[in-house]
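>>> Return atomic coordinates for the entry below.
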Amino acid sequence: MIVVALISVYPFVNGIYNSFFSDAVFGGGKYFSGLENFRDLMSDSLFWTGLKNNFIWSAACVGFELVIGMLIALLLNLPYIKLRGLYRALILLPWATTPVVAALIWRYIFGVMGPLNSFLNAVGFANPPNWLVTPGYSLFACIVANIWIGLPFVIVTLLAGLQSLPSDVYEAAEIDGAGVLKRFFHLTLPLMKSLILILVTLNTIWTFNMFDIVYSMTNGGPGNSSMLLSLYSYQNAFAYFQQGYASAIGVICLLILLLPVTFYIREVRNEA
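Below is the predicted model of the structure:
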């Protein structure tokens, strides 16, 4: 409990406390500014850009990870798939990779002379985009990298849920003439609803707060087109030395993330 208090509770409380203070521009410590940091955020165009990118980033990553993860989990759950144990072990490799290392790998893949553009040139695309320095593509490249890293956790969790489902229910449905799609939508999804809610809630929190992927691949560029709130908070704290302003951004992120948590708690209580 002492360790948890030191690494979680204290930074949490201290972050909220610091959000009500501002740092003097020319030194001299910090002073109490009340809600000034939050008022400044409301008129900060870069904050709104980061917020918009955060929603796009979170929705794309969580959504695609859930859909792709469910498809792969369903395939790995088929009894006649050979070498299933090997596939499950290989799937965990991206998850075991350090995010910064994974980001550098994908930075090389999306590079001007990287494998992706070399492949596109080979199949007939004469001028493939410069993914990491083009505003329309930089955030997309970061999303692909994050999906690759987060997908194994989703697959393993869903696969565990699929393997815990009662087989007699599926046998009865198959005898009654229910097809594959009907069994999936009327049996699998309802039976796994609680697990999917937990998975989406946790994945949304982790993805929304993700920092290292974007920092290592684009550093929020070009032109802040891939800026996220976590990265903007980091820049204010350690580049501009405005820790109060950075803490205010963190508090806003906390308030936003309370929404999916509240929704999850309500759903669980309704089921209970």
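
>>> Strands along the stretch 151-272 of the chain, start to end?
All residues of the stretch 151-272 of the chain lie outside strands when identified by DSSP state E, counting those that start in this stretch.

>>> ah, wrong one, I meant the stretch 1-150 of the chain
Counting by DSSP E, counting those that start in this stretch, the strands of the stretch 1-150 of the chain are 21-23, 30-32.

>>> G223: which of those is closest?
Closest to G223 of these, according to C-beta to C-beta: strand 21-23, at 26.4 Å. (Glycine included, C-beta is placed from N, CA and C.)

>>> Check what contacts the closest one and list those residues.
Strand 21-23 is contacted by residues 29-33, 36-37, 241-245 when judged by C-beta atoms under 8 Å, 6 or more residues apart in numbering.

>>> Top of the residues you listed by number of neighbours, please.
Neighbours here mean other C-beta atoms under 10 Å. Within the contacts of strand 21-23, the largest count is held by Y245, at 26 neighbours.

>>> That residue against N37, yeah?
Yes: here Y245 lies in contact with N37, judged by C-beta atoms under 8 Å, at a distance of 5.1 Å.

>>> related to what we said a few turns ago, can you list the contacts of strand 21-23 in JSON lines and add distance to I68 and pLDDT?
Rendered in JSON lines, the data for those read as follows (distance: C-beta to C-beta, whole Å; pLDDT from 0 to 100):
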{"residue": "G29", "distance to I68": "50", "pLDDT": "75"}
{"residue": "K30", "distance to I68": "46", "pLDDT": "82"}
{"residue": "Y31", "distance to I68": "49", "pLDDT": "83"}
{"residue": "F32", "distance to I68": "48", "pLDDT": "85"}
{"residue": "S33", "distance to I68": "45", "pLDDT": "86"}
{"residue": "E36", "distance to I68": "44", "pLDDT": "92"}
{"residue": "N37", "distance to I68": "39", "pLDDT": "93"}
{"residue": "F241", "distance to I68": "41", "pLDDT": "86"}
{"residue": "Q242", "distance to I68": "39", "pLDDT": "89"}
{"residue": "Q243", "distance to I68": "39", "pLDDT": "89"}
{"residue": "G244", "distance to I68": "40", "pLDDT": "92"}
{"residue": "Y245", "distance to I68": "37", "pLDDT": "93"}
